[in-house]
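Undergrad: Give me coordinates for this.
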Amino acid sequence: MADDPEARRVSELLDRITRGELSEAETEELELYAQGDPELRAVIAARTSQAALGGGWLARVEADHRIARAERSPRVLLERGLGGLLVALGVVAWAAAPVLGPALAVAGLGLLVYSWIRVNHSQDPYKDIQR
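TA: Residues are numbered from 1 along each chain as shown. As a prediction, the model looks like this:
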């Protein structure tokens, strides 16, 4: 069944119902698949009621998961590791090199702040909410 393109498409459309992202064309496409299949019609009805019950909750959870995945990406881990290393080296070097130590610490903090803002602002699911 995993190799069946129609089954994959139906599964994708059912997932889009649950997330509340189904367009009119996709609704018509799903209706074509459901013609003569009462089991699929029952699944569509269940998914529709599940989407109405969730009221956007699933979209918020998925956005939170996107942020978590972005924070575990190799680029972010490298940025934050390098930022932490620069801060640590800056603090240690502060006594030996009063000019270089603070500069390293500030550069490391700047890199950490840049990394945090870049990940959290671009992935933030709540940034467009108006109160």
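Undergrad: Show me what the helix or strand harbouring residue 18 is packed up against.
TA: For residue 18, the element it lies in under DSSP states H and E is helix 5-19. On a contact count with 3 or more CB pairs under 8 Å, 6 or more residues apart in numbering; DSSP states H and E, helix 5-19 meets helix 24-34, helix 38-54, helix 57-71. Heads up, the C-betas are built off the backbone N, CA and C, glycines and all.
Undergrad: Who are the contact partners of the nearest residue to residue 103 once chain neighbours are set aside?
TA: Once flanking residues are discounted, residue 103 sits nearest to residue 90: 7.1 Å by CB to CB, 6 or more residues apart in numbering. Counting by CB atoms under 8 Å, 6 or more residues apart in numbering, residue 90 makes contact with 100, 101, 102, 103, 104, 105, 106, 107, 108.
Undergrad: same question, residue 91
TA: 101, 105.
Undergrad: The helix or strand hosting it vs helix 57-71, what angle?
TA: Residue 91 is part of helix 74-93 when elements are defined by DSSP H and E. Angle, helix 74-93 to helix 57-71, by axes from the mean of the first three to the mean of the last three CA atoms, to 10 degrees: 50 degrees.
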